[in-house]
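**Q** Sharing a model prediction with you, sequence too.
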Amino acid sequence: MIPRQAELPLKNKRVVITAGGTKERIDPVRYITNDSSGKMGYSLASVARDLGAQVTIISATSQLPEPFGVTVVYVSSALEMLDAVLKEYALVDIVVMAAAVSDYRPKKQASKKIKKSEELLIIELEKTTDILYQLGHTKQQQFLIGFAAETNNLESYAQEKLMRKKANMIVANDVSKPNVGFNQDTNEVIIFTPNSEPVKVSIRSKQKVAEEIFKVAIEQMIK
Ligand code: CTP
Ligand code: CA
């Protein structure tokens, strides 16, 4: 059945979704990363495509199949992800920062493999750019959806991220709960927006959570 236009609320919209955990190199054979699988971002991408959008995933994982009809741009570090997002940003309608972006990277990257010698090896880390913050503070038409992975004080941390990063929505999950967030096939989230009550989405597949996220986003965009 060919869906009618009314069923394609994101028709002609450009959507960029970041996914996966970035990798920050220590030396040619070692890096720092996190537990993100990219599954939430990829589920969001296929839902956005089904809603009619032109979708690009800026992906920090090569472990997932490319969803049909979606463009995938592969990146590794937080800096590469920032550059890839900024390349698209001017013409984008919705950005979803589902990636777990490294907060820190090694201050120096060794060009040769670090040999074991000292008993105690100290690697200095410096902060990466906060991509969502930068997007929020240079925002024009774009609708910005961020995530918040928390283990405690979920509501206050999520509200704080929503305001500080000037996002339109923050999807918060409590990653200390079993079957929630990182590396799982299911998720349970609370969606925060600036002027509406938080929306609780009980535990379900990441695909179904992605559908709820876009439902709330579309409601907010036409408000
Ligand atoms: N994010 C980002 N760039 C970073 C770090 C995070 O764009 N360098 C984005 C994430 O993709 C997510 C949101 O900011 O959409 C919140 O990420 P999170 O790790 O929960 O929060 P942080 O602001 O990094 O704070 P903390 O890790 O200390 O809770
Ligand atoms: Ca972080």
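**A** Sure, I can see it. Ligands and ions are numbered 1, 2, ... in the order given.
**Q** Can you show me the CA trace of the host helix or strand of residue 135 as PDB?
**A** Secondary structure from DSSP states H and E places residue 135 in helix 131-136. Taking Å, rounded to 0.1, in the frame of the first residue of the first chain, the C-alpha atoms of helix 131-136 are listed here in PDB:
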ATOM      1  CA  ILE A 131      28.500  18.900  19.800                       C
ATOM      2  CA  LEU A 132      24.900  19.300  21.000                       C
ATOM      3  CA  TYR A 133      25.900  22.500  23.000                       C
ATOM      4  CA  GLN A 134      27.500  24.000  19.900                       C
ATOM      5  CA  LEU A 135      24.500  23.100  17.700                       C
ATOM      6  CA  GLY A 136      22.100  24.500  20.300                       C
END
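**Q** Could you list the buried residues of that helix?
**A** Buried residues in helix 131-136, counting neighbours by 16 or more other CB atoms under 10 Å, are found at 131, 132, 133, 135, 136. The way it works is simple: take the backbone N, C-alpha and C, and place the C-beta from them, glycine included.
**Q** Please apply the same query to stretch 78-91.
**A** 78, 79, 80, 81, 82, 84, 85, 88, 89.
**Q** mean confidence for it?
**A** Averaged across stretch 78-91, pLDDT comes to 98.
**Q** where do the strands sit along this protein?
**A** Counting by DSSP state E, the chain has strands at residues 14-19, 24-27, 30-32, 54-59, 71-74, 94-97, 104-106, 125-127, 143-150, 169-174, 186-192, 199-205.
**Q** Export those to JSON lines and append columns for mean neighbour count.
**A** JSON lines is the format used below for the strands of the chain (neighbours: other CB atoms under 10 Å):
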{"stretch": "strand 14-19", "mean neighbour count": "26"}
{"stretch": "strand 24-27", "mean neighbour count": "18"}
{"stretch": "strand 30-32", "mean neighbour count": "15"}
{"stretch": "strand 54-59", "mean neighbour count": "25"}
{"stretch": "strand 71-74", "mean neighbour count": "16"}
{"stretch": "strand 94-97", "mean neighbour count": "27"}
{"stretch": "strand 104-106", "mean neighbour count": "17"}
{"stretch": "strand 125-127", "mean neighbour count": "11"}
{"stretch": "strand 143-150", "mean neighbour count": "23"}
{"stretch": "strand 169-174", "mean neighbour count": "24"}
{"stretch": "strand 186-192", "mean neighbour count": "22"}
{"stretch": "strand 199-205", "mean neighbour count": "14"}
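**Q** Could you point out which of those sits nearest residue 117?
**A** For residue 117, the closest of those is strand 24-27, at 13.6 Å, according to CB to CB.
**Q** Could I get the buried residues of helix 131-136 in a markdown table, plus columns for pLDDT and distance to residue 104?
**A** A markdown table is the format used below for these (pLDDT from 0 to 100; distance: CB to CB, whole Å):
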| residue | pLDDT | distance to residue 104 |
| --- | --- | --- |
| 131 | 98 | 14 |
| 132 | 98 | 16 |
| 133 | 98 | 15 |
| 135 | 98 | 20 |
| 136 | 98 | 21 |
